[in-house]
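[1] Using only what follows, build the 3D model:
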Amino acid sequence: MAFSPLLTSLDALSFEESNNNDKRQKIENLLEAKSLIFAEPWYKTVNSLHLWNASLIDVILISSPMGIMGLPFLTRRKGFSAKIYVTLASARLGQLMMEDLVSMHAEFRQFYGSKESNFPPWLRQEELEILPSVLKEILAGKDGVELGGWMPMYSAADVKDCMLKINSLNYAQEVCYNGTVVIKAFSSGVEIGSCNWILNGPKGDIAYLSSSCFFSAHAMAFDYRSLQGTSALIYSDFSSLSDTQDIEDGDNYTDPTSDNLLPPSFQDSDGFNLNSDEDLEEKEKLVFICSCAIECVKDGGSVLIPINRLGTILQLLEEMTTLLEASAMEVPVYIISSVAEELLTWLNIIPEWLCKQRQERLFSGELLFAHVKLLKEKKIHVVPNIHSHELLKNWQEPCIVFCPHWSLRMGPVVHLLRRWCGDPKSLLILEDMVNPELALLPFKPVAMKVLQCLFPSGIGLQKVQPLLKTLQPKTVLFPEDLRLKTNFSCEKSFLVLYYTETETLKVSRQKDSSEIKIAADLASQFYWKTFKKEGINVTRLKGKLLMENGRHHLFLDNDKKASSRNSSLLRCGLVDSNKLLAALSKMGINASMEHGTDDAGPTNVRIVHTEEPYKALIEIGNTSTAITTVDDNVASILFKAIDNILDEVC
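    Below is the predicted model:
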């Protein structure tokens, strides 16, 4: 939003007149349209992404379609070779969103030219200093460290190359990275294809909990059961940061006498009721928004909806057309996007990614989404861009328009806002954004009505503790930013560790040893030796130890199965120096012992000197024993002495 949308010829003339050919002065300017940056926009990415060594990244997990949007910034880096895992639905949605973004950004390229610059003028310190504080903070951050996060837009070729590097999977499908880690995705309920992750390795399993929603009217429900009982859980749902209500110590909204660990208001057979509060709240919001839109149209105004969440658009579209039919109004509804037609077609063939209610529609012979019928009846019109022949031919006002982009800086929304911003009868419907005043700055004075709405996109504060109690991980890694909002001081069923950005958090492993898979016919051939002192059983074999699908596997060649019984004996254990001296004495060998030393002082190495009749040196360490002598025969005699005092392994 720090950049200006493209200027029309009238806007450019007005800007030149107001600027009066004078440079901006270094004062605390009032934030106005001419304060914005007039250049091809760059995009802010993860801080210091330009400093990352891309070749050191092994795996990337993407939890939502929106999460793919920044991926080409990373995949185009030199040396990038990481495995990328994302659900099939998220991959397709993300690809369409990226292609649409590239298409809209092309308008800037046509206007400003395709000049490539590693350091654009607006990033220079002297230019930053004369910006209003709001814009300066957007560009550089509060302490100036975010300047390195700005990157030029990727190309269509970058998107294509990025998609070729993606490994897509279905919900609950197992994929194995490098034979060591098994990765599975489970629905998070926020959006079609959005997911949480489980990584299962030989030392334990880790759950990654991203933004999740207990109720969804379009996407598959939140599969929280599959995340139960993991060794560690990384809680990464930051939607609660916007919640104003804090959870008091011990107040987790549960009945202590009940076996259910989650609030009665959302309990199902496992403790959740997914069809009450959230469902009602979302329906009420949809009805309110659509009723405002209908009233606006009745008064002769048009409605502009640049919302980015696909599920919200689909529900608004259904509710809006239902109310229009009920009011007997014939108002055209337009969807303007370069990928809209392909997207709406794709939505008809993905029942396995949708919620139970949508799937039941399919089984009963109904349509998955209402837009299919509306398209056939020509009650909604889908066009690729604002200048398309079909749109110009069918355009009527008042109307209702769904279009990108939600930043209000590019795409069809810019043209339509300039057309309607001065009309007090028209309505702009926005999703909740950090700075709506800045978003609308290029279109001031704004006379049209603005309705800003916030839809559920994560786990509310009241449900955090009950959910974690149900999931029962051994360790929870919780965001430091949410520490003051959620109190775990009375929690004893799991350990809570708090993490923060750019800091390494060490988590103790949950398993001291690894499990190994051995075939029954192989295990039956083992001959065990018990060492009571050490409390272990030992057997000898010759074979192969492999890591596959996150497990150790033991294999033995068929022609070598019986070889272990006929091979030479092996010994096991630490050499007792006192027993060794006694054994040497019985063999008529004089020996003495001393403790080894080095420059740092005494060590754990013990040294045995033999003088008569053989001269040799025996070094006894914690992990090995070495015999040093000039005569091979003497070495053999001393080896037998050591061999006799060690325990035998079959």
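
[2] Domains in the chain, by residue range?
    Using automatic domain parsing, the domain parsing of the chain gives 250-453, 516-564, 571-648.

[3] any idea of the mean pLDDT in the first one?
    Spelled out, that is domain 250-453. Domain 250-453 carries an average pLDDT of 83.

[4] from the chain's centre, how far out does that domain sit?
    Distance of domain 250-453 from its chain centroid, counting by CA atoms, centre = their mean, to the nearest Å, is 26 Å.

[5] ranking the domains of the chain by burial, who's on top?
    Burial of those is given as mean neighbour count (mean count of other CB atoms under 10 Å); domain 250-453 ranks first at a mean of 17. All C-beta spots, glycine's among them, are computed from the backbone N, C-alpha and C.

[6] can you tell me how far residue 487 sits from residue 496?
    Taking CB to CB, to the nearest Å as the measure, residue 487 falls 10 Å from residue 496.

[7] Ok, residue 241 next?
    18 Å.

[8] Compare these two and say which is more crowded by neighbours.
    Here residue 241 and residue 496 are set side by side on neighbour count (other CB atoms under 10 Å), and the busier one is residue 496, at 15 against 12.

[9] Next, the contact list for the more buried one, please.
    For residue 496, the residues meeting the contact criterion (CB atoms under 8 Å, 6 or more residues apart in numbering) are 475, 476, 478, 488.

[10] I figured residue 230 hits residue 208, correct?
    No - the pair residue 230 / residue 208 is not scored as a contact, 9.7 Å apart, by CB atoms under 8 Å.

[11] which residues are common contacts for the two?
    When contacts are counted by CB under 8 Å, 6+ apart, residue 230 and residue 208 have residue 198 as shared neighbours.

[12] And these two? Which one has more around it.
    Set residue 230 next to residue 208 and count neighbours by other CB under 10 Å: residue 230 wins out with 24 against 21.

[13] Spatially nearest residue to the more buried one (excluding sequence neighbours)?
    Once flanking residues are discounted, residue 230 sits nearest to residue 207: 4.3 Å by CB to CB, 6 or more residues apart in numbering.

[14] Tell me the pLDDT of the one you found.
    The predicted local confidence for residue 207 is 96.

[15] which strands and helices sit next to the one helix or strand it maps to?
    Using DSSP states H and E, residue 207 sits within strand 204-209. Counting contacts by 3 or more CB pairs under 8 Å, 6 or more residues apart in numbering; DSSP states H and E, the secondary-structure elements packed against strand 204-209 are strand 195-201, strand 232-235.

[16] Any idea which of the domains of the chain gets closest to residue 7?
    Residue 7 lies closest, by CB to CB, to one member of the domains of the chain: domain 250-453, at 8.8 Å.

[17] Residue 165 contacts residue 85, doesn't it?
    No - with contact defined as CB under 8 Å, residue 165 does not reach residue 85; the gap is 10.9 Å.

[18] So which of the two has more stuff around it?
    Higher neighbour count among residue 165 and residue 85: residue 85, with 21 against 16, using other CB under 10 Å.

[19] just checking, next helix/strand downstream of the lengthiest strand in the chain?
    The strand of greatest length in the chain, counted in residues with DSSP state E as the criterion, is given as strand 601-610. Using DSSP H and E, the helix or strand that follows strand 601-610 in sequence is strand 616-620.

[20] Sheet partners, orientation included, of that next one?
    For strand 616-620, sheet partners with direction are given as strand 601-610 (antiparallel), strand 625-628 (antiparallel), following DSSP bridges.

[21] contact partners of that strand?
    575, 577, 580, 596, 605-610, 625-629, 634-635, 638, 642.

[22] what does stretch 47-60 give?
    Stretch 47-60 is touched from outside by 71, 73-74, 77-85, 141, 145-146, 148-149, 151, 177-178, 181, 183, with contacts defined as CB under 8 Å, 6+ apart.

[23] Now which of those would you call buried?
    Of all the contacts of stretch 47-60 considered here, the ones buried according to neighbour count by 16 or more other CB atoms under 10 Å are 71, 73-74, 80, 82-85, 146, 148-149, 151, 177, 181, 183.

[24] just these now: which is nearest residue 532?
    Within those, distances to residue 532 taken as CB to CB reach their minimum at residue 181, with 37.7 Å.

[25] excluding its backbone neighbours, what's nearest the closest one?
    With sequence-adjacent residues excluded and distances taken as CB to CB, 6+ apart, residue 181 is closest to residue 201, at 4.9 Å.

[26] Having no further points to raise, I will conclude here.
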